[in-house]
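Student: next comes the sequence, and after it the predicted model I'd like to discuss.
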Protein chains: 2
Amino acid sequence: MSDESIPFAAVPGVRLAAVAAGIRYQNRQDLCLLELAPGAQCAAVFTRNAFCAAPVILARRHLAAAAPRYLLINSGNANAGTGHRGLADAEASCAALAALAACSAEAVLPFSTGVIGEPLPVDRLAAALPAALAGLDAEAWPRAARAIMTTDTRPKLVSRPFVIAGRRAVVTGIAKGSGMIRPDMATMLAFLATDVAVEGGLLQACLAEAVATSFNAITVDGDTSTNDACVLAATGALGNAPLLEANSADYRALCGAVGELCQELATAIVRDGEGATKLVTLVVEEAADGGEARRVADTIAHSPLVKTALFASDPNWGRILAAVGRSGLAGLDIDRVRIWLGDTLVVRDGGRDPGYTEQAGRAAMAGPEIGIRVALGRGQARAQVLTCDLSYDYVKINAEYRT
Amino acid sequence: MSDESIPFAAVPGVRLAAVAAGIRYQNRQDLCLLELAPGAQCAAVFTRNAFCAAPVILARRHLAAAAPRYLLINSGNANAGTGHRGLADAEASCAALAALAACSAEAVLPFSTGVIGEPLPVDRLAAALPAALAGLDAEAWPRAARAIMTTDTRPKLVSRPFVIAGRRAVVTGIAKGSGMIRPDMATMLAFLATDVAVEGGLLQACLAEAVATSFNAITVDGDTSTNDACVLAATGALGNAPLLEANSADYRALCGAVGELCQELATAIVRDGEGATKLVTLVVEEAADGGEARRVADTIAHSPLVKTALFASDPNWGRILAAVGRSGLAGLDIDRVRIWLGDTLVVRDGGRDPGYTEQAGRAAMAGPEIGIRVALGRGQARAQVLTCDLSYDYVKINAEYRT
């Protein structure tokens, strides 16, 4: 796919570059620089893995200290599990860029994705920075989307236009992530920017709301990475009066656009899940509360038996029922549980619905997109999780990566 | 492998038979009958899956009502997810045997393993019962071990001699299980018998203790089945005075033998894990309590990324570290965590040990048995879990089974 084939809108106040620094492979663009106009606001969410990587620690620290001017992102090396040296390496990378760009080191946010446990090659990274600065270009979103990829097979780039104060605004984002993906941020990086001016607290709330139902509601393999981060920058280049009210129509328009963008990027990550051949939308409803709805959804989504059946397009509802049963809900009554594959009712009254036919089940599983719905009969709460199947290629990719 | 190749000792007071009932396949021995001498004691533990199968419900009920005379076990059909009809089918199976054997239906414990959600073919099962009764034989343990198999590739049969009151006693057991295996009983059936006389409460305590560190400390894929059961029968045919004291040397000898037997059968299940090429012993130590030790061990054991790296013999310790980090322990300090592959220290002080070499890591991962040890630096508690790798064949077996 050529870069030109991805439709997108540049974001006034943002320029990007992608260069080959030789982080892990030669002649691959693996260093991405994203420049923000002075005065841009930045919101961010990070991994909840207790062992977060050095760049995550430093990005959090810098974000608290100064307004970001640059996001410095490398693929090929996660700079995680690298101890005190890793933190020093991340600091040195930021300092090298700051010296060239005449800003403070705190104005640089570092991000890394790739292999865990290898030292970051700071010298090679720093040597590529002059070319990155020289190459900054408002139209370079597609190249940036490619530069942050690891096991991804496709770049993920989405734009959404929306209207603020009668003006046409835009939010554009790129994301990467394919394996080590589960709720609560995975080996996932996403960088979003809008030209709207918005107060910092509202921007953070907007991002947190969008992430909760998108990036934090997808799972490929249940593994949460050490490096996940999602950043939303607001440059203010649109020239609107800064958004200050959470209830305003303009702020809701921004949130709506960011939410849709995150949902689309998150869906793209699951579609590109390592070895994935199916996109599976899993809905659990009639739960007593949101927590148990999510717990049941996660148990199904992480079951290797369910995921291999999905790969086989096999309507093996017994495995779904067994996963619901082991999800740890107290007092679960099998007679109240119903399960649908697509629109086909499969399970009720503790067993197969009398009207169910294997033919209908096979039809529901045959396509590249599969819907599974589970009603628990315990309340009104609901959760939705996107996942994919477990295929030979997942094993192949993860057995051969790093070797 | 011929049946004669498995060494075992018959248990006085126990006879077995295996016949072909055509439950799922033709001409395969899929029905196993185990007869206990009158007066035998039975202890049992069952699945904790909320949706336990009809035979589990009925076996619990019968066990509470009467002393068992027969264990009636079929493979090929789990009689799970079969609703009220499933319970009626299990009852009809027990009643059919009771009528032929002139015992009460409550003296029959039913067990099923195989596909979920298909009605149990009671007529074919009942039709095979006369041949099963006629074929009862104290030496039929190997045939029984084969008859209960589903995706298992090898029968699992172990005997342990021990000494009670100066007499040579024995405990012999068979087990099945290969996929849908995780702690808290999986798609696992195990039937153990000893000739010792022992009080019922002590027998149950003996079994519970043995299961906690064996069958409940193994995992293949994290899926807990609806049908798991483990039974320990004590026929008393040895003629010893019944064991009544938990602290007696004789009772400890029984517990020691049962514990070793369960450990050996559990290890055999993991070795025969669906698609398994590696047997992995995972030890988590220096935990604040046993619960968090087990939680970390389970998180590592269920990580698809760790399991595919094991398949590749790849010392990808970063994936282990990331799994520890996402296991949800509050206040985990990465600088105190150490990780060993075999005897090789790999991680300390938040990163790779300076003395670690990739060559040493590869050597530790190369063999068919791999040890992973994680020290958390938080306390004195410890947990051990046995698991296996995730291979192409796991996907193949589970994508093709039932199709």
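Tutor: Nice, I can see it.
Student: from here on, just use CA atoms for contacts and neighbour counts.
Tutor: Will do.
Student: show me what residue A:280 is bridged to.
Tutor: residue A:370, residue A:387 (DSSP bridges).
Student: so what pLDDT did it get?
Tutor: We note a pLDDT of 91 for residue A:280 in this prediction.
Student: burial of it, as a residue count?
Tutor: Using other Cα atoms under 10 Å in any protein chain shown as the criterion, residue A:280 is surrounded by 24 other residues.
Student: enumerate every residue touching it.
Tutor: A:369, A:370, A:371, A:372, A:386, A:387, A:388, A:389 (Cα atoms under 8 Å, 6 or more residues apart in numbering or on different chains).
Student: ok, so of those residues, who is nearest residue B:99?
Tutor: Within the set of these, residue A:372 lies nearest residue B:99; the separation is 44.1 Å, counting by Cα to Cα.
Student: checking that closest one next. Helix, strand or coil?
Tutor: Three-state secondary structure (criterion: DSSP: H, G, I helix; E, B strand; the rest coil) places residue A:372 in strand.
Student: can you list the contacts of residue A:280 in a markdown table and add neighbour count and pLDDT?
Tutor: Shown next, in a markdown table, are the contacts of residue A:280 (neighbours: other Cα atoms under 10 Å in any protein chain shown; pLDDT from 0 to 100):
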| residue | neighbour count | pLDDT |
| --- | --- | --- |
| A:369 | 15 | 93 |
| A:370 | 19 | 94 |
| A:371 | 17 | 95 |
| A:372 | 22 | 96 |
| A:386 | 28 | 88 |
| A:387 | 32 | 88 |
| A:388 | 32 | 88 |
| A:389 | 30 | 87 |
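Student: what bridges to the closest residue to residue A:46 other than its chain neighbours?
Tutor: Once flanking residues are discounted, residue A:46 sits nearest to residue A:229: 4.4 Å by Cα to Cα, 6 or more residues apart in numbering or on different chains. Beta-bridge partners for residue A:229, by DSSP bridges, are residue A:46, residue A:189.
Student: any idea how far residue A:283 is from residue B:387?
Tutor: 31 Å (Cα to Cα, to the nearest Å).
Student: should've said residue A:319
Tutor: Relative to residue B:387, residue A:319 is positioned 21 Å away (criterion: Cα to Cα).
Student: which bits of the stretch 251-400 of chain A sit near chain B?
Tutor: In this structure, the stretch 251-400 of chain A approaches chain B at residues A:303-305, A:308-312, A:314, A:316-319, A:321-323, A:325-326, A:328-329, A:331-335, A:349-352, A:390-392, A:395-396, A:398-400, judged by Cα under 8 Å from any Cα of the partner chain.
Student: among those, which are in helices?
Tutor: In helices, defined here by DSSP state H, the members of these are A:304-305, A:308-311, A:317-319, A:321-323, A:325, A:392, A:395-396, A:398-400.
Student: what's the closest of the contacts of residue A:280 to chain B?
Tutor: Of all those, chain B sits closest to residue A:389, with 10.3 Å by Cα to the nearest Cα.
Student: gap between residue A:75 and residue A:152?
Tutor: From residue A:75 over to residue A:152 (counting by Cα to Cα), the distance is 11 Å.
Student: and the two? Which one has more around it.
Tutor: Using other Cα under 10 Å, the more surrounded residue of residue A:75 and residue A:152 is residue A:75, with 27 against 18.
Student: my read is that one is in a helix, agree?
Tutor: No: Residue A:75 sits outside any helix when classified using three-state DSSP, being strand.
Student: many thanks, have a good one.
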